[in-house]
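Engineer: I'll drop the sequence and a predicted model, then ask my questions.
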Amino acid sequence: ILRCLVGSEMCIRDSRKWRPKTFTEVIGQSHITDTLRRQVEEGRTAHAYLFTGTRGTGKTTCARILAKAINCLHPVDGEPCNECEACRGIDEGTLLDITELDAASNNGVDHVRALREEAVYTPAVLKKRVYIIDEAHMLDMECFSFLNRALETAMAPILILATNRGITRVRGTKYTSPHGIPVDFLDRLLIIPTDPYDMKEMRQILKVRCEEEDVDMTEEAMELLTTIAFNTSLRYAMNMIITSSLAARKRKSNTVGEEDVKKVYSLFADVKRSTKVLNEDAEEYLYSETKWSVCYHRIRSCGKQPYE
């Protein structure tokens, strides 16, 4: 299976290959997509956003669609047309006016200083320059200072941040703050929380992914895959689609069965490590201010694991 994966299309990042291109294509998160669509349609977008929520809930996806909708030359009801020069350029990643920064690996002052220096100039092609910064909690105080000043320039860009942290320490300091972002900078942001997907939404997303990957799957296998997604993560289950199809192909079948999903899960699952991470780091990664964390702690207080 691993030899097949090395030469397969799975080497192309799934997040790039199958990411939704319009708000309508986003499954779930209707409270976010409806609001953003209405803002774009009425021309009343905010100057800075912060998408929060657990991993795999569409934060970066919504950020990219928003950047495209704001700059679309022919938007339709707040949706990007995906046909104009601006939309195609953003999808292909060829326009310099859209800058994406992964703060987990590019959290130095020099990276953010360069963004601030660009902010004083008129966008080269698009209507608005947009900065998308993922893992924003990895930025330190000086970086936030540069971003703060960038928002005060005459040609201020649209700033979109994303983070999966709750109450956590601001990097480089001893102070804690919501999402690891200084409180004075949070005042500038429109905070948009994403909701965890329920089982029905996960099943719908996995079915769409199977269609896109041209993988036939039995109902029993889809049920098991959805359960795995709910108990681990949606991204993990998505990655299992291709590997399960390869396992089915090895037994001369064109349809993925329940036994193929079980086989792949047993090959790559690390139950001991997953349990250790869940037990030791849950309070750091889960949102103490949401009902999900309250539910989690209630279950733990009964001496049970969350998915027993």
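Structural biologist: That came through, no problem.
Engineer: got the buried residues for the helix ranked longest in the chain?
Structural biologist: Counting residues, the longest helix found in the chain (DSSP state H) is helix 234-250. Buried positions in helix 234-250, judged by neighbour count with 16 or more other C-beta atoms under 10 Å: 234, 236-248. Using the backbone N, CA and C atoms, a C-beta is placed for each residue, glycine as well.
Engineer: Stretch 151-171 now?
Structural biologist: Neighbour-count burial for stretch 151-171 [16+ other C-beta under 10 Å]: 151, 156-166, 168, 170-171.
Engineer: same deal with stretch 135-152?
Structural biologist: Those would be 135-140, 143-148, 150-151, for stretch 135-152 by 16+ other C-beta under 10 Å.
Engineer: And for stretch 104-122?
Structural biologist: Buried residues in stretch 104-122 (16+ other C-beta under 10 Å): 106, 107, 111, 112, 115, 116, 118, 119.
Engineer: before we move on, what about stretch 23-43?
Structural biologist: Buried-residue list, stretch 23-43, by 16+ other C-beta under 10 Å: 23, 26, 27, 28, 29, 32, 33, 36, 37, 39, 40.
Engineer: Local confidence estimate at residue 170?
Structural biologist: pLDDT recorded at residue 170 is 89.
Engineer: try residue 274
Structural biologist: At residue 274 the predicted local confidence, pLDDT, stands at 62.
Engineer: what do you get for the one 3 residues further on?
Structural biologist: Per-residue confidence at residue 277 stands at 62 (pLDDT).
Engineer: do the same with residue 294
Structural biologist: 46.
Engineer: How about residue 162?
Structural biologist: Listed pLDDT for residue 162 reads 94.
Engineer: Skip ahead from the one helix or strand it maps to and say which helix or strand is next.
Structural biologist: Secondary structure from DSSP states H and E places residue 162 in strand 158-163. The first helix or strand that comes after strand 158-163 along the chain, using DSSP H and E, is strand 167-169.
Engineer: Listing partners with orientation, what would you give for that following strand?
Structural biologist: Strand pairing for strand 167-169, using DSSP bridges, gives strand 176-178 (antiparallel).
Engineer: Pull the residues that contact the partner strand.
Structural biologist: If you take C-beta atoms under 8 Å, 6 or more residues apart in numbering as the criterion, strand 176-178 is touched by 166, 167, 168, 169, 170, 183, 186, 289.
Engineer: Going by neighbour count, list what's buried in it.
Structural biologist: For strand 176-178, burial by neighbour count (16+ other C-beta under 10 Å) applies to 177, 178.
Engineer: tell me the average confidence for it?
Structural biologist: 90.
Engineer: Show me how far the helix or strand just after that strand is from its chain's centre.
Structural biologist: Per DSSP H and E, the first helix or strand lying C-terminal to strand 176-178 is helix 183-186. In this view, helix 183-186 has its centroid 22 Å away from the chain centroid, taken as C-alpha atoms, centre = their mean, to the nearest Å.
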